[in-house]
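>>> 3D model of this:
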Amino acid sequence: MGCPAGRRGTATTCRHRQTGTIAALNDLAEGSDGVIGFRIGPSPAVVVSSAATARDVLIERADDFGRGRRQTRALTPLMGKGLLTSEGELHTRQRRLVLPHFSPRRIPRHADAIVTEAERTVRRWKEGAEVDLVAEMNALTMDIVTRLLFSASTRENNVLARAITEAFEWEMHAITSMVALPMWVPTPRNLRARRNIATFRQWIAGFIRQRQARATGPADPSAPGPAAHQDILDDLMAARYEDGGTMPDDLLLDEVLTAWGAAQETSADAQAWTLYLLGRHPEVRDAVRAEVDTVLGQRAVCYDDLARLPYCLQVFKEAMRLYPPAAVIPRQAIRDTVVGGRTVRAGTMVFINAYSLHRRPEVFPDPERFDPERFARERERALPKGAYLPFGTGGNVCPGSHLAMMEGHLLTALLAQRVEVELLPGATEIRPELLVNLRPNPGVPARIHHR
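Numbering: from 1, shown residues only. Now for the predicted structure:
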């Protein structure tokens, strides 16, 4: 089914019909030297699609660019002044406080929770069940992020789960729609979004109040018991600024929501693409299984196993090369500047096009080919700086990138060990659709077989 595969490291090319925004941006990038101008109605814009020009925007001249009005307007109602929306001194101060809690040294303690939630999902799948992998990975990553943040679950809370899903759908609409009315305009869509966001924020605020009450007074018998391990909410509540102070409650809530938003759907889309590509390339899938079966046998994967599962990580990285969840990173010039030797005027929208950047043939020969050997250790080290940007780079690189990579590594290994994913005929019509993230559209129909 789908594209046949060659030997390990020589998987064949799979081209997909591209439509909408991602097709337009890719067409603009093809044949360019890494920067090309166009217009969005009356407004000037630039597409950046090479390692050098991406570094100009994100590192060398980062102070000349802000997040852009559209992105800020869309994200602020849900995420407030968290790291995805804040800029300047506030962003620097918050990043300095939050980043250490997502460092490579701190993330291994979350591995067991990720594995536990994934094992529960696998046990829920019945033999021969027909599922949509996009929906299943969204449910799984929602379970994971809720567990990591709060040591809690949304699995049985249908009202909350629906509120979360619809709140993020509004955010996607606000970013991608040509005519997205501000939240204060009382349209039916906006009124529903306000209710959903209030439900979501109140639920998280309840966890904060419970932790504060537990720390300052007698135990509340109705509050959740102590976490089996310190969760991310505990970390952020205990974090101290240089003056010894802790985050104000409103900023704490914003950063928790930002961590949720950045972690949940991005991880779901990345894992859905990984399963899709393995389903289309059976010899790569068989190589993953051989590695997993040799290292793990039947026992559950753990963090210490990851160093002995390099091919699983290569597969996940190659999936994010072909289909980076953050396929386009928007910025807006706040002053006249230069990118790739070309003048960019203040107010110009700039789109760092990771989707096309990851397809530069001078860096990734035969770029449409799914080839995990590109990320074998020595070949990965030889890549130009900035040629691979699944999490951005510079001062705005995703704070949770190390955690996301560990999660993807663990899930790729565990799912290959536990189940066989058979793509159904509809999976041959999948195309990448750019919303907030790069999502398989219209979903990935598959049949689950337990191994």
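>>> Helix, strand, or coil at the closest residue to residue 437 other than its chain neighbours?
Counting by CB to CB, 6 or more residues apart in numbering, residue 437 lies nearest to residue 325, which is 4.2 Å off, once chain neighbours are set aside. For glycine as for every other residue, the C-beta is placed from the backbone atoms N, C-alpha and C. Of the three states, residue 325 takes coil under DSSP: H, G, I helix; E, B strand; the rest coil.
>>> Same check on residue 331?
strand.
>>> rewinding a little: which ones are touching the residue nearest to residue 437?
By CB atoms under 8 Å, 6 or more residues apart in numbering, the contact set of residue 325 is 265-267, 269-270, 390, 437-438.
>>> Can you get me a residue count around the closest residue to residue 125 other than its chain neighbours?
Nearest residue to residue 125, sequence neighbours excluded (CB to CB, 6+ apart): residue 448, at 4.7 Å. Residue 448: 20 surrounding residues under other CB atoms under 10 Å.
>>> what's the spacing between residue 448 and residue 46?
44 Å (CB to CB, to the nearest Å).
>>> what residue lies at the spatial centre of this protein?
residue 266 (2.4 Å; CA atoms, centre = their mean).
>>> Quickly find the element holding it.
helix 249-280 (DSSP states H and E).
>>> what's downstream of that helix, the next helix or strand?
Following helix 249-280 toward the C-terminus (DSSP H and E): helix 282-296.
>>> what about the stretch 201-350 of the chain, any weak spots by pLDDT?
Applying pLDDT under 70 to the stretch 201-350 of the chain flags the ranges 217-229.
>>> Might you report the residue contacts of residue 139?
Counted by CB under 8 Å, 6+ apart, residue 139 has contacts 121, 155.
>>> does it count as helix, strand or coil?
helix.
>>> which stretches of the stretch 351-451 of the chain have low pLDDT?
Ranges of the stretch 351-451 of the chain meeting pLDDT under 70: none found.
>>> neighbours around residue 105, how many?
What residue 105 shows, counting by other CB under 10 Å, is a neighbour count of 9.
>>> what about the residue nearest to residue 125, distance to residue 292?
17 Å.
>>> Could you do residue 71 as well?
39 Å.
>>> For stretch 40-54, which residues meet the burial criterion?
Within stretch 40-54, the residues scored as buried using 16 or more other CB atoms under 10 Å are 45-54.
>>> Please apply the same query to stretch 181-198.
Buried residues in stretch 181-198 (16+ other CB under 10 Å): 183, 189-190, 193-194, 196-197.
>>> Tell me which two in those are the farthest apart.
189 and 197 (12.4 Å; CB to CB).
>>> which neighbours do those two share?
residue 170.
>>> now stretch 67-86, how far from the centre of its chain.
Centre-to-centre, stretch 67-86 and its host chain are 16 Å apart (CA atoms, centre = their mean, to the nearest Å).
>>> Buried residues, it. List them.
Here stretch 67-86 shows 67-68, 70-72, 74-86 as buried, counting by 16+ other CB under 10 Å.
>>> Residue 256 versus the closest residue to residue 232 other than its chain neighbours, what's the distance?
Distance criterion CB to CB, 6+ apart; nearest residue to residue 232, sequence neighbours excluded, is residue 149 at 4.9 Å. Between residue 149 and residue 256 the computed distance is 6 Å (CB to CB).
>>> Find residues that contact each of those two.
232-233.
>>> Would you agree residue 99 is in contact with residue 398?
No - checked against CB atoms under 8 Å, the pair residue 99 and residue 398 is beyond contact range at 10.4 Å.
>>> what are the ranges of the helices in the stretch 1-150 of the chain?
With helices called from DSSP state H, counting those that start in this stretch, the stretch 1-150 of the chain shows them at 20-29, 51-55, 69-79, 88-98, 111-124, 133-150.
>>> closest to residue 252 out of these?
Between residue 252 and the helices of the stretch 1-150 of the chain, the tightest spacing by CB to CB is seen for helix 88-98, at 10.3 Å.
>>> How about residues contacting that closest one?
81-83, 86, 236, 239-241, 247, 251, 255, 395, 399.
>>> Can you lay out those residues as JSON lines showing distance to residue 34?
Supplementary listing: the contacts of helix 88-98 in JSON lines, determined by distance: CB to CB, whole Å:
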{"residue": "81", "distance to residue 34": "33"}
{"residue": "82", "distance to residue 34": "31"}
{"residue": "83", "distance to residue 34": "27"}
{"residue": "86", "distance to residue 34": "29"}
{"residue": "236", "distance to residue 34": "38"}
{"residue": "239", "distance to residue 34": "39"}
{"residue": "240", "distance to residue 34": "42"}
{"residue": "241", "distance to residue 34": "39"}
{"residue": "247", "distance to residue 34": "39"}
{"residue": "251", "distance to residue 34": "37"}
{"residue": "255", "distance to residue 34": "34"}
{"residue": "395", "distance to residue 34": "21"}
{"residue": "399", "distance to residue 34": "27"}
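>>> Return the distance of stretch 298-311 from the chain's centre.
Computed by CA atoms, centre = their mean, the separation of stretch 298-311 from the middle of its chain amounts to 22 Å.
>>> Just the C-alphas of that stretch, formatted as PDB.
The C-alpha coordinates for stretch 298-311 follow below in PDB (Å, rounded to 0.1, in the frame of the first residue of the first chain):
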ATOM      1  CA  GLN A 298       8.600  -7.500  25.400                       C
ATOM      2  CA  ARG A 299       9.500  -5.200  28.300                       C
ATOM      3  CA  ALA A 300       8.400  -1.500  28.400                       C
ATOM      4  CA  VAL A 301      10.800   1.100  27.000                       C
ATOM      5  CA  CYS A 302      12.400   3.500  29.500                       C
ATOM      6  CA  TYR A 303      14.600   6.600  29.200                       C
ATOM      7  CA  ASP A 304      17.800   4.600  29.600                       C
ATOM      8  CA  ASP A 305      17.000   2.600  26.500                       C
ATOM      9  CA  LEU A 306      16.900   5.500  24.200                       C
ATOM     10  CA  ALA A 307      20.700   5.600  23.600                       C
ATOM     11  CA  ARG A 308      20.400   2.100  22.200                       C
ATOM     12  CA  LEU A 309      17.500   3.000  19.900                       C
ATOM     13  CA  PRO A 310      19.100   5.500  17.500                       C
ATOM     14  CA  TYR A 311      17.200   4.400  14.400                       C
END
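>>> From residue 117, how far off is the residue nearest to residue 113 when sequence neighbours are not counted?
Spatial nearest neighbour of residue 113, chain neighbours left out: residue 147 (5.0 Å); criterion: CB to CB, 6+ apart. Residue 147 is 6 Å from residue 117, where distance means CB to CB.
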